[in-house]
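Visitor: Structure for this input, please:
(2 chains)
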Number of protein chains: 2
Amino acid sequence: MVTVCRKLKKLADDDPRRVLHSFKVGIALTIVSTLYYVTPVFKGFGTSTIWAVLTVVLILEFTVGGTLTKGLNRAVATLLAAALGMGAHHIAILAGDKGEVILLGFFIFIVAVIATFLRFMPEIKKRYDYGVMIFMLTFSLVGISSFRDHETFMLAYKRLLTIAIGVAIALVVSVLVLPVWAGEELHMLTGANLEKLANFLEGLGALYFGEKVRVDEMKIKALLQSYKSVLNTKATEDSLANLARWEPPHGRFLFCHPWKQYLKISSISRRFACLVEALSSYISRSESQVATELEKHGNIIEACKEICKESMNAMTVMAASIRAMTKLSGSKQHMAAAKEATNRLKISLLEEGLLLRETLQTCTIVSLLLEIVS
Amino acid sequence: MVTVCRKLKKLADDDPRRVLHSFKVGIALTIVSTLYYVTPVFKGFGTSTIWAVLTVVLILEFTVGGTLTKGLNRAVATLLAAALGMGAHHIAILAGDKGEVILLGFFIFIVAVIATFLRFMPEIKKRYDYGVMIFMLTFSLVGISSFRDHETFMLAYKRLLTIAIGVAIALVVSVLVLPVWAGEELHMLTGANLEKLANFLEGLGALYFGEKVRVDEMKIKALLQSYKSVLNTKATEDSLANLARWEPPHGRFLFCHPWKQYLKISSISRRFACLVEALSSYISRSESQVATELEKHGNIIEACKEICKESMNAMTVMAASIRAMTKLSGSKQHMAAAKEATNRLKISLLEEGLLLRETLQTCTIVSLLLEIVS
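Guide: The predicted structure follows:
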């Protein structure tokens, strides 16, 4: 019990917006349930009011983009399905009492097969999965209930209206009460990923090349590990970028904000993290050897230290400029310094007689291959 | 239109079980709608029948594990929420007419806040997300409608029964009509990932070390690319392993089948793929140089070729033995051969005077660092 409470507290501390979101759902649900308590409204809609409650619970997501996507999907799909379902009902009644059952059953079967298959399409799965499911659901419900209750039109109309009310309430709460924007999440995540990679470079410089760091020794190992989460962010980033496209402009995120560019940065970050993973697994295999071996070559250590420091600085500047949405400045000089250090490193390698520049490639390939096999 | 049709055809060709699943949904929906058409059954349940339809559409997933998880979540959550909802109703009516509204509203608000917050817990999100949502939904519906309709007990009872019928129909169709098991999917995916990594080694051997291959030159580049999908399978594998645990024993997959071991193999495969990515990006940067440089060192090429071949063979054997669920045999000798070739390679490196074994580490670290920076 105590551990559960501690976990819950940590969840809340890590991101207080989670508590906020929980209260937002509570507020939205309270608003929609007053619809039921206030008698005049209830008299108009009857039991259809439950659709408004259902809608609020189902579509109110953590981000504005999520709520908007689900809400639009639900509203449009219900509208289309209700129209088509009523069309199917009108065709079916032409076939007489027995024919009606068979025709309606046939229509529902066909719609279910086609809709389910469409959900396998990546383009549809990515954006309209929920809509297609709701379409299939509503079509079946309208089709089936039209057989018993010939007031299909009123049923469909009431359902549509209550769902629209549900969507409206969910959207208003989502946008007006301290909104969480998917675009901003993506924005922050992209910056955070760059920072984690910069952390690795900082830890590397501290542990192997004697660079002085901001944090104490205990935290260096943590710095060296933080890149790992960058490797698995693809799914989150893709879905956030997808939701961000639906969001209206807000703050400094305008229409046609370049969301695709974020995905490009992320994909480069992931490749970077892969190289880091290779380097890290190579180092951790023979840590003490590496340290003693490196000590022999002062110049190389010096150059590596410089490279780590400058690229770390460049990445920190990039991350900061992404976060602040300012034009990139200052990272160029760090990159130039890193490049200069790279050249110094190459010269040192030649001077120390360690290897010719051409053979450096061979060794790297060979040693990576050895690492893969081991 | 033509491209869409072609895409749909490709989807069906890639995995014919997708078409099958679509028909399964159609069949389940037809079965549940006959409930509505057959008058005696309809008379018993009234409009509650729609919950059976809803349930079938919402819980029938591609895999048996998916259907089972969602079905159990839905059934148990509805049962609990209905019981608690009725309890709340009985407490609320004690407070008089006005007090009832306020108390019910308060209960619904509290349940919504707590349930929404619990959904952020990773342990709950992974397995019970759907259940918690349904709990919140059902509690609100029972709570709200109990205010108007004092026959709450009958409402809850009917809902429970129709949902149970929906779950039963979905499960029967999912298990009996050519089932797709999540466990088997995970099993095949694990094998396929190993094969993709073996493909890379084959392509590498063919392109740089002159190894003869099964396929024509055109396909070598494809072999070298196929590892990329291994990098991003974590989410799929985690969710499949999660669903697999719910599935009853079937075929050669018994109770307590070691699903966690699959995740371990996958995580090793992903690390392997990361190293491959590093090697691959290193090679592709200076392809022609690498080739001419390597040509100078016959012994090294010979040893690398051997390493590629033997580790490729070992991995193919492993993948095949996972797929066939047989005890691993034959891979040891390939691994031994690869290790021997590794030793030969190290000797060749010394003989060619390229570098001392100790400095190999330094160069690798240095060149990976250079690669990261560039």
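Visitor: quick check: mean pLDDT across stretch A:14-23?
Guide: Stretch A:14-23 shows a mean pLDDT of 91.
Visitor: what's in contact with it?
Guide: A:Leu11, A:Ala12, A:Phe62, A:Val177, A:Leu178, A:Val180, B:Ala112, B:Val113, B:Ile114, B:Thr116, B:Phe117, B:Phe120 (Cβ atoms under 8 Å, 6 or more residues apart in numbering or on different chains). (C-beta placed from N, C-alpha, C; glycine too.)
Visitor: How about stretch A:238-257?
Guide: A:63-66, A:68-69, A:72, A:126-127, A:179, A:181-187, A:189, A:259-260, A:262-263, A:325.
Visitor: Please see if the one helix or strand A:Ala77 maps to touches chain B.
Guide: Using DSSP states H and E, A:Ala77 sits in helix A:64-93. No: Helix A:64-93 is not in contact with chain B by Cβ under 8 Å from any Cβ of the partner chain; minimum separation 11.6 Å.
Visitor: packing partners for that helix?
Guide: helix A:49-59, helix A:96-118, helix A:129-148, helix A:152-176, helix A:182-208, helix A:234-244 (3 or more Cβ pairs under 8 Å, 6 or more residues apart in numbering or on different chains; DSSP states H and E).
Visitor: Pull out the buried positions in that helix.
Guide: Judged by neighbour count (16 or more other Cβ atoms under 10 Å in any protein chain shown), helix A:64-93 contains these buried residues: A:64-75, A:77-79, A:81-82, A:84-86, A:88-89, A:92-93.
Visitor: Likewise for stretch A:250-264?
Guide: The neighbour-count check on stretch A:250-264 (16+ other Cβ under 10 Å) flags A:Phe253, A:His257, A:Trp259, A:Tyr262, A:Leu263 as buried.
Visitor: how about the first one, phi and psi?
Guide: Pointing back at A:Phe253 there. phi -100, psi 100 (degrees, to the nearest 10).
Visitor: Of the contacts of stretch A:14-23, just the buried ones, PyMOL syntax please.
Guide: The following PyMOL line selects those of the contacts of stretch A:14-23 that are buried, judged by 16+ other Cβ under 10 Å:
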select buried, (chain A and resi 11+12+62+180) or (chain B and resi 112+113+116+117+120)
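Visitor: Go through the contacts of stretch A:14-23 and name the one nearest A:Leu104.
Guide: B:Ala112 (36.9 Å; Cβ to Cβ).
Visitor: Against B:Glu202, how distant is the closest residue to chain B within the stretch 201-350 of chain A?
Guide: For the stretch 201-350 of chain A and chain B, the shortest gap (Cβ to the nearest Cβ) falls at A:Ala278, measuring 3.6 Å. Computed as Cβ to Cβ, to the nearest Å, the A:Ala278 to B:Glu202 distance reads 20 Å.
Visitor: go on, A:Leu201?
Guide: On the measure of Cβ to Cβ, A:Leu201 and B:Glu202 end up 34 Å apart.
Visitor: and those two? which has more neighbours close in?
Guide: A:Leu201 (28 against 24; other Cβ atoms under 10 Å in any protein chain shown).
Visitor: by contact count, what packs against the host helix or strand of A:Ile268?
Guide: Assessed by DSSP H and E, A:Ile268 sits inside helix A:259-285. If you count contacts as 3+ Cβ pairs under 8 Å, 6+ apart, helix A:259-285 packs onto helix A:182-208, helix A:234-244, helix A:357-373, helix B:259-285, helix B:357-373.
Visitor: what about A:Asp97, how many neighbours?
Guide: Neighbour number of A:Asp97 under other Cβ under 10 Å is 8.
Visitor: Mind pulling up the pLDDT for it?
Guide: A:Asp97 is assigned 78 on the pLDDT scale.
Visitor: Distance of it relative to chain B?
Guide: A:Asp97 is 11 Å from chain B, where distance means Cβ to the nearest Cβ, to the nearest Å.
Visitor: got it, and A:Met136?
Guide: For A:Met136, the distance to chain B - Cβ to the nearest Cβ - is 6 Å.
Visitor: if I read this right, that residue contacts A:Ala115, doesn't it?
Guide: Yes: the pair A:Met136 and A:Ala115 qualifies as a contact (Cβ atoms under 8 Å) at a distance of 4.1 Å.
Visitor: I figured A:Glu237 hits A:Tyr262, correct?
Guide: Yes: using Cβ under 8 Å, A:Glu237 is in contact with A:Tyr262, at 7.3 Å.
Visitor: Now the common contact residues for these two.
Guide: A:Leu186, A:Thr190.
Visitor: Quick one: residues contacting A:Gly26.
Guide: B:Ile108, B:Phe109, B:Ile110, B:Ala112, B:Val113, B:Thr116.
Visitor: could those go into CSV alongside distance to chain A and pLDDT?
Guide: Shown next, in CSV, are the contacts of A:Gly26 (distance: Cβ to the nearest Cβ, whole Å; pLDDT from 0 to 100):
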residue, distance to chain A, pLDDT
B:Ile108, 6, 91
B:Phe109, 4, 93
B:Ile110, 7, 94
B:Ala112, 4, 94
B:Val113, 4, 94
B:Thr116, 4, 94
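Visitor: so what's the residue nearest the centre of chain A up against?
Guide: Centroid-nearest residue in chain A: A:Thr236, 2.7 Å away (criterion: Cα atoms, centre = their mean). Applying Cβ under 8 Å, 6+ apart to A:Thr236 gives the contacts A:Leu189.
Visitor: Quick check, pLDDT for it.
Guide: 89.
Visitor: again, but for A:Cys363
Guide: pLDDT for A:Cys363: 58.
Visitor: How about the one 10 residues further on?
Guide: Confidence at A:Val373, expressed as pLDDT, is 56.
Visitor: same check, this time on A:Ser286
Guide: For A:Ser286, pLDDT reads 63.
Visitor: most distant residue from the middle of chain A?
Guide: Each residue of chain A has a distance to the centre, and by Cα atoms, centre = their mean the biggest one is for A:Gly96: 51.7 Å.
Visitor: now chain A, which segments are flagged as low pLDDT?
Guide: Residues of chain A meeting the criterion pLDDT under 70: A:39-47, A:147-152, A:211-218, A:285-297, A:346, A:349-374.
Visitor: The same query, at a cut-off of 50, please.
Guide: A:355-358 (pLDDT under 50).
Visitor: I'd say A:Met318 and A:Ser329 touch.
Guide: No: proximity of A:Met318 to A:Ser329 does not meet the contact threshold set by Cβ under 8 Å, at 10.5 Å.
Visitor: So for those two, which residue has more residues nearby?
Guide: Legend: neighbour count by other Cβ under 10 Å for A:Met318 and A:Ser329, higher for A:Met318 (22 against 9).
Visitor: Tell me who's in contact with that one.
Guide: A:Leu194, A:Leu328, A:Ser331.
Visitor: again, only this time at 10 Å
Guide: Residues in contact with A:Met318 (Cβ atoms under 10 Å, 6 or more residues apart in numbering or on different chains) are A:Thr190, A:Gly191, A:Leu194, A:Glu195, A:Leu197, A:Ala198, A:Ile265, A:Leu328, A:Gly330, A:Ser331, A:His334, A:Met335.
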